[in-house]
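**Student:** I'd like to go over a predicted model; first the sequence, then the structure.
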Amino acid sequence: MGALPTRQAGLELGVNIDHVATLRQARYPGLMDAHNCEPDVLEAAAVCERAGAHGITVHLRGDRRHIQDADVFRLREKLKARLNLEMGNTPEILEIALRLKPEEVCLVPENRREVTTEGGLAVVGHEEELRGTIGRLQESGIRVSLFIEPDLRQIDASIALGAEMVELHTGAFANAQGAAQSRELERIAEASRHAHGGGLQVNAGHGINYQNIALIRGVEHLADLNIGHSIVSRAVFSGLDAAVREMLRLMRGGA
């Protein structure tokens, strides 16, 4: 594994490639070692890197509905960009993360009946069960993010737990329109200011696409945007390289 690129000023892009694995598993369900099946998530990550993505995000779920154990270790071996592992707070996945040693872990809520992650992690009221996980990850040199709603109480609890980062759940913003979307955007902006003031790196993700990026990119203090479904969907028509480059152009203010 080579040296990680130096973080530059401005927004950086983490591409979530879970849905590349979703497509693979649609044809090859139940395979725990699917590296010979297509599409290959390692090849997808390499394309994203060449297109300029700063990081690769994958969610190793307890039900293994898309990303498999073999995927994350292959990515760890070959990836040049930083690896961000999304995971539920479970003993099984924690042990895998400690062996894997990604640059970053984002703790997310997980419900087997959900289509995708629904809402942010409930940090308030669950501090004790999170504290031990955060501590073990940090002792292994892994930076920890908590995927939370843009809620000041959740931010304060994240600060108190010593997490390095929060990722603000942008789903309500992405699903809203008109005045409601403006209110959600201000809620995100207020949360970003509050988290940054508390010493946290502020990331955002969920539902960000080629249209609403024009609004999200203006939020102060955001560092990383983790975007998956929209990029993979665009890639069906334009190719993955072009889809990543287009998102990066829009993040930088391109029309």
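**Tutor:** Happy to help now that I have it.
**Student:** Give the other helices and strands that the longest helix along the chain contacts.
**Tutor:** Using DSSP state H, we find that the single longest helix of the chain is helix 178-197. Judged by 3 or more C-beta pairs under 8 Å, 6 or more residues apart in numbering; DSSP states H and E, helix 178-197 is in contact with helix 152-161, strand 165-169, helix 171-175, strand 201-205, helix 213-216. For the C-beta atoms, the positions are set from N, CA and C on the backbone; glycine is no exception.
**Student:** how far off strand 201-205 does it point, in degrees?
**Tutor:** 150 degrees (axes from the mean of the first three to the mean of the last three C-alpha atoms, to 10 degrees).
**Student:** So what pairs up with the closest residue to Glu164 other than its chain neighbours in the strands?
**Tutor:** Of all residues not flanking Glu164 in the chain, Arg143 sits nearest, at 4.6 Å (C-beta to C-beta, 6 or more residues apart in numbering). Residues in a beta bridge with Arg143, per DSSP bridges, are Glu104.
**Student:** Name all residues that make contact with Arg143.
**Tutor:** Contacts here follow C-beta atoms under 8 Å, 6 or more residues apart in numbering; on that basis Arg143 touches 103-105, 164-165.
**Student:** Check which residues of stretch 232-243 are buried.
**Tutor:** 232, 234-235, 240, 243 (16 or more other C-beta atoms under 10 Å).
**Student:** ok, residues contacting that stretch?
**Tutor:** 17, 19-20, 44, 47-48, 50-51, 210, 231, 246-247.
**Student:** now do the same end-to-end measure for that stretch.
**Tutor:** 8 Å (C-alpha to C-alpha, to the nearest Å).
**Student:** picking up where we left off before, can you tell me which two in the buried residues of stretch 232-243 are farthest apart?
**Tutor:** Arg234 and Leu240 (8.7 Å; C-beta to C-beta).
**Student:** on that earlier part again, most neighbours among the contacts of Arg143, which one?
**Tutor:** When these are compared by neighbour count (other C-beta atoms under 10 Å), Val105 ends up highest, at 29 neighbours.
**Student:** Now do the helices in this protein.
**Tutor:** Using DSSP H, helices in the chain cover 18-27, 41-51, 69-78, 91-100, 127-139, 152-161, 171-175, 178-197, 213-216, 229-238, 240-251.
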